[in-house]
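[1] Provided below are the primary sequence and the corresponding predicted coordinates.
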Amino acid sequence: MVAWMIALHTTIHTVAHLFNVERLVDARVEANGTIQAALTDLEDRNGESYLNFVRSKVPNPIGGLNVAFTFLAGLTGVVITLALILIITSSTKTIRRSYFEVFFGTHIISLSSSSLVLFFIGR
């Protein structure tokens with residue numbers, strides 16, 4: 001039950017990040033005159049702080065992929081999500097019973113102290 005709850009909440013968390021990145025990229029490429037465009041354009045002039053960390057005006061879906069693979073937070077999120085997908089798929093009954101070494105290996109790697117530290121740093 002704990003593993004399924006971790007998977008469920010990770011999915012909710014990941015989807016929320018995807019929606020947030022989509023909103024930020026869309027706000028960056030939006031036409032001038034809207035409040036989203038005005039707030040996003042902050043920091044384009046000296047002495048201003050920014051609200052939107054997306055700086056390039058590349059529309060979605062390329063803009064979202066740009067954020068996912070050019071920012072450290074995006075890269076670590078992708079790596080951690082892929083690791084969790086590998087752990088979940090190797091935990092299925094068929095894999096667990098037929099290829100126990102795969103199941104055991106993915107869990108030991110994810111629970112080893114160095115991987116655990118990297119996991120939480122990436123989080």
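    Received it, and whenever you're ready, just let me know what you need. Residues are numbered from 1 along each chain as shown.
[2] ok, the nearest residue to Phe69 once chain neighbours are set aside - how many residues close by?
    Among residues not flanking Phe69 along the chain, Leu75 sits closest, at 6.3 Å (C-beta to C-beta, 6 or more residues apart in numbering). (Each C-beta comes from the backbone N, C-alpha and C, glycine too.) Using other C-beta atoms under 10 Å, Leu75 is surrounded by 13 other residues.
[3] Now do Leu75, the pLDDT please.
    Note on Leu75: pLDDT of 86.
[4] I'd like the next helix or strand past the helix or strand where it lies.
    When elements are assigned from DSSP states H and E, Leu75 belongs to helix 72-90. Using DSSP H and E, the helix or strand that follows helix 72-90 in sequence is helix 93-98.
[5] Can you give the distance of that next one from its chain's centre?
    Computed by C-alpha atoms, centre = their mean, to the nearest Å, the chain-centroid distance of helix 93-98 equals 29 Å.
[6] Sweet, I'm off.
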